[in-house]
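In: Next comes the sequence, and after it the predicted model I'd like to discuss.
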Amino acid sequence: MRKFILVVAVVALLVVAAVVYLKATTPTTSDGVRFPLSPQQRALLASVPESAEAFALIPAAAVVQSKLLANRVTRDAIGEYIAEHHLPHPWMLGGTDLLIWKVGKQTGYSAQLDPLRAFLVRTLGQVAGGTFLINTGSSQPLGEERLNRLLELTNGFEPADAIAIQQGAPNAYPPIERPAVTAVRVTRDEIILRSASRGERASRPQSPGVSPGDRKGGFPRGALLAATFQDPPRAVGDLDRLLGTKISTLLEDGGSIILYDVETGTLLPRPKGLIAVPATPEKRAAAGRIASLAEVIGEVRESGDRILISFDRTSLGSFTNEQFIDPTWPGGDWSARVDPKRLVPILEDLGDSTGLRLATPRLHRSIRDFRRWIRHLSHATSIEASHTETPEREELRVRISAK
């Protein structure tokens, strides 16, 4: 009996020692990703299968996970992801860098583990040479040459908590050309994403008076959505059908759209808001051609160096009494700010609208894509985005605020 008690005591001491060790070696802070990457981080990225559609490097993954769970915006989404994908627990990873990749419907993980952790997680996957692998195949690794071309896109990037690379999946975030690299920084109150790819379209000259960087007063605080652009997205053409007039011609050389609400209870949803364009002779003439219709249901007004046109009776008054927020990133070829708490429920209705799908299919597809990206961000107080494109590079910056 004495020997048995002694063995139990020794085992208990070993368990306590292991728990203390695991807790002590699980960090609470991290240096994150700094560019250029360290040799160890580069080696880990180079080992990802070359067939991976997307992959991410998360230094000190336990720290990043705690940040995501502390942020009100990401808390529910990361909880669902952990439950669905059976991610390793923080104590399994300690201070190691975690690599996650996706090939088809299969998700793989790789991390450099210390001997004790490698022993403890051996039953969850393959452990070879200190590398913790789950669901891995025999695909050829990415390699240094391919990795170098991808990491060239991070030139000028600020330090971040994680880096994600999309080689395929064109309909997933970010909505820019592929391949794309995204750096992610998370705090308790905000998430900053900076994405870059190689520009494949020619740079367009800026239209005077409509560049987001030149916008006077910034974004209207009370708007559901506010967007300013040099060249309108193709979906703007569908507004003609919703509003019953050639509003898209006014926006051909750039302008702003401010949306305060959308009536979704009708066959064709009706936006409530206004457009703003530079007060040039050409725009005055274009506004004059639609003024008679616009003034039946809304207003037309020239204010300073802009022409304001609304298609309801309340939006111009709301805009006149607005407080404005300066953009985080002045310049670029378009920028936007949205109120996700109000916008997400509206997008849910618009994405299921049969009338919108039949009358404006391009706009309907854009709304459904946007709904898929934003539906988990309903706890955010605001989302701001800025896009810049040159012949050599395309960049998208997004700031998600939780305060």
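Out: Looks like it came in fine.
In: low-scoring stretches of the stretch 51-200 of the chain, by residue?
Out: 81-91, 95, 114, 116-139, 200 (pLDDT under 70).
In: Run through the helices of the stretch 51-200 of the chain in chain order.
Out: 61-70, 75-85, 90-93, 115-120, 144-151 (DSSP state H, counting those that start in this stretch).
In: so how far is A223 from G273?
Out: 7 Å (Cβ to Cβ, to the nearest Å). Quick note: C-beta positions are derived from backbone N, CA and C, even for glycine.
In: Report the set of residues contacting both of the two.
Out: Taking Cβ atoms under 8 Å, 6 or more residues apart in numbering as the contact rule, G273 and A223 both touch I258, L259, Y260.
In: Can you tell me which of those residues is closest to L268?
Out: L259 (15.7 Å; Cβ to Cβ).
In: State the number of residues packed around the closest one.
Out: For L259, the count of nearby residues is 21 (other Cβ atoms under 10 Å).
In: domains for this protein, by residue range?
Out: Per the record, the chain has its domains at 39-197, 212-401, by automatic domain parsing.
In: Skip the chain neighbours and tell me the closest residue to S378.
Out: V344 (4.3 Å; Cβ to Cβ, 6 or more residues apart in numbering).
In: part of a helix, is that neighbour?
Out: Yes. With DSSP: H, G, I helix; E, B strand; the rest coil as the criterion, V344 is located in a helix.
In: State the mean pLDDT of stretch 262-270.
Out: If you average the pLDDT over stretch 262-270, you get 80.
In: follow-up on the earlier one: among the shared contacts of G273 and A223, which one lies nearest to G143?
Out: For the shared contacts of G273 and A223, the nearest to G143 is L259 (46.5 Å; Cβ to Cβ).
In: So in terms of bridging, what pairs with the closest one?
Out: L225, G273 (DSSP bridges).
In: Check whether it really touches G222, as I assumed.
Out: No. The criterion here is Cβ atoms under 8 Å, and L259 misses it with G222 at 10.9 Å.
In: ok so I307 is a helix residue?
Out: No. Assessed with three-state DSSP, I307 is strand; it does not lie in a helix.
In: and the shared contacts of G273 and A223 as JSON lines, adding distance to P278?
Out: Shown next, in JSON lines, are the shared contacts of G273 and A223 (distance: Cβ to Cβ, whole Å):
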{"residue": "I258", "distance to P278": "15"}
{"residue": "L259", "distance to P278": "20"}
{"residue": "Y260", "distance to P278": "22"}
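In: quick check, nearest of the residues you listed to Q112?
Out: Once Cβ to Cβ is applied, the member of the shared contacts of G273 and A223 that ends up nearest Q112 is L259, at 48.4 Å.
In: Please report how far the closest one lies from A54.
Out: 32 Å.
In: One more: T264?
Out: Counting by Cβ to Cβ, the gap from T264 to A54 is 33 Å.
In: Also R371?
Out: Distance of R371 to A54, given as Cβ to Cβ: 20 Å.
In: of those two, who's got more company?
Out: Taking other Cβ under 10 Å, R371 and A54 do not tie; A54 has more neighbours (22 against 18).
In: residue contacts, the more buried one?
Out: Counted by Cβ under 8 Å, 6+ apart, A54 has contacts W101, K102, A164, I165, Q166, Q167, G168, A169, A172.
In: Name the nearest of these relative to A287.
Out: Nearest member of the contacts of A54 to A287, counting by Cβ to Cβ, is A172, at 39.0 Å.
In: if I pick the closest one, what's in contact with it?
Out: Per Cβ under 8 Å, 6+ apart, neighbours of A172: A54, Q166.
In: Next up, phi/psi of it, please.
Out: phi -90, psi 170 (degrees, to the nearest 10).
In: What distance do you get for it to L150?
Out: In terms of Cβ to Cβ, A172 sits 16 Å off from L150.
In: And R393, by the same measure?
Out: In terms of Cβ to Cβ, R393 sits 14 Å off from L150.
In: and what of D253?
Out: Counting by Cβ to Cβ - D253 and L150 are separated by 36 Å.
In: coming back round to it: can I have the buried ones of the contacts of A54 as a ChimeraX selection?
Out: Only the buried entries of the contacts of A54 go into this ChimeraX selection, using 16 or more other Cβ atoms under 10 Å:
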select :101,102,164,165,166,167
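In: picking up where we left off before, possible to save the domains of the chain as TSV with distance to V33?
Out: Shown next, in TSV, are these (distance: least, Cβ to Cβ, whole Å):
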stretch	distance to V33
domain 39-197	5
domain 212-401	16
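In: picking up where we left off before, need the contact list for the residue nearest to S378.
Out: R371, I374, R375, L377, S378.
In: If you rank those by neighbours, which is first?
Out: Neighbour-wise, the contacts of V344 (other Cβ under 10 Å) top out at L377, 20 neighbours.
In: Quick check: pLDDT value at it.
Out: Predicted confidence (pLDDT) for L377: 81.
In: In contact with S318, which residues?
Out: Counted by Cβ under 8 Å, 6+ apart, S318 has contacts G222, Y260.
In: Quick one, grab the pLDDT at it.
Out: So S318 comes in at 88 (pLDDT).
In: before we move on, what about the one 3 residues further on?
Out: Listed pLDDT for N321 reads 88.
In: next one: D240
Out: 65.
In: could you show me where the helices are in the stretch 201-350 of the chain, in order?
Out: 239-243, 281-297, 315-320, 340-351.
In: which stretch among those helices comes nearest T182?
Out: Nearest of these (Cβ to Cβ): helix 340-351, 19.1 Å.
In: That closest one: what's the following helix or strand?
Out: Remark: after helix 340-351, the chain's next helix or strand is helix 354-359, criterion DSSP states H and E.
In: Could you list every helix and strand that that following helix packs against?
Out: The contact analysis (3 or more Cβ pairs under 8 Å, 6 or more residues apart in numbering; DSSP states H and E) places helix 354-359 against helix 361-374.
In: Next, the buried residues of the helix it packs on.
Out: L363, H364, S366, I367, F370, R371, W373, I374.
In: again with stretch 387-403
Out: 387-389, 393-402.
In: Output those residues in CSV; the columns should cover distance to L68.
Out: Putting the buried residues of stretch 387-403 into CSV (distance: Cβ to Cβ, whole Å) gives the following:
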residue, distance to L68
H387, 25
T388, 27
E389, 30
R393, 29
E394, 27
E395, 24
L396, 21
R397, 20
V398, 16
R399, 16
I400, 12
S401, 16
A402, 12
